[in-house]
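A.B. asks: coordinates for the following, if possible.
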Amino acid sequence: MSNFVEKLIKVAEENEATKGIISKEKAEILEKLSSHMLEVNEHLNLTAIRDEDGVILKHLVDSSACVPYIKENARIADIGCGGGFPSLVIAILRGDVSVLGVDSVAKKVKYVGDTAALLGLSNVEVSSRRAEELGQDKSYRESFDVVTARAVARLNVLCELCIPLLNIGGKFIAMKSLTTEEELEEAENAVALVGGEVKSVNRYTLTDGKETLERTIIVIEKVKSTHQKYPRNNSQIAKKPL
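C.D. replies: Numbers count the residues shown, from 1 in each chain. Reported below is the predicted structural model:
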């Protein structure tokens, strides 16, 4: 077992939110993901986190915290997938699911697709279309069991981008840093307008013994169909968030 794998498993196991999620076999694939990402990052600017400890805690372990909220065989869309977190981590840890990585930056989308192929992940697809475009496309609208978004935008904006993609009963998993009551209150109108209902607000910490992260996972269930006018186009969302 490499030092990286040993350290990754140790950090995951010592945090209640990620305990039991990362096996040795999966950790070895995550090590390959990390090595490849850092190599590509030298010329593609995928992340500002370049040290091994930072990647383990702030990308791999952090991304894995959403896994317990994902049902078996789920069809997932990861909005703003960026450097593949959490989309690639979910795909590695959960071979039963399929993941669509969505990002408007074409270079990042290509990286996620190429990396999935390199790691032998057959359960990953990618799209460089904007989330609001996919939400109005009949091929994608209300077709996903789970939509994830990690550190993308404020919750009211995310709800309009993500919830239209969910089928009835589907779950939007918003991965945030320490979310304030103010942000939750700000999003109440958006949640209701697009057919959602907040099911849980899960606050937790992640630590590697040297650094501690405050995190929140908000789970919003799609309880009714989204009105056809949502999501609006990007300029409307930016000008007047719900």
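A.B. asks: show me the strands in the chain, by range?
C.D. replies: 75-79, 98-102, 124-127, 144-150, 166-177, 196-207, 212-222 (DSSP state E).
A.B. asks: need these in CSV (columns: mean pLDDT, mean neighbour count and distance to residue 64).
C.D. replies: The C-beta positions use only the backbone N, C-alpha and C, and glycine is treated the same way. Listed next are those as CSV, based on pLDDT from 0 to 100; neighbours: other Cβ atoms under 10 Å; distance: least, Cβ to Cβ, whole Å:
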stretch, mean pLDDT, mean neighbour count, distance to residue 64
strand 75-79, 98, 26, 14
strand 98-102, 98, 26, 14
strand 124-127, 98, 20, 16
strand 144-150, 97, 25, 11
strand 166-177, 97, 21, 11
strand 196-207, 97, 15, 10
strand 212-222, 97, 19, 12
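A.B. asks: of these, which is nearest residue 33?
C.D. replies: When those are compared by Cβ to Cβ, strand 124-127 sits nearest residue 33, at 11.6 Å.
A.B. asks: neighbours of residue 185, how many?
C.D. replies: Per other Cβ atoms under 10 Å, the neighbour tally for residue 185 reads 11.
A.B. asks: confidence score at it?
C.D. replies: Note on residue 185: pLDDT of 94.
A.B. asks: how near is it to residue 238?
C.D. replies: Going from residue 185 to residue 238 by Cβ to Cβ, to the nearest Å gives 21 Å.
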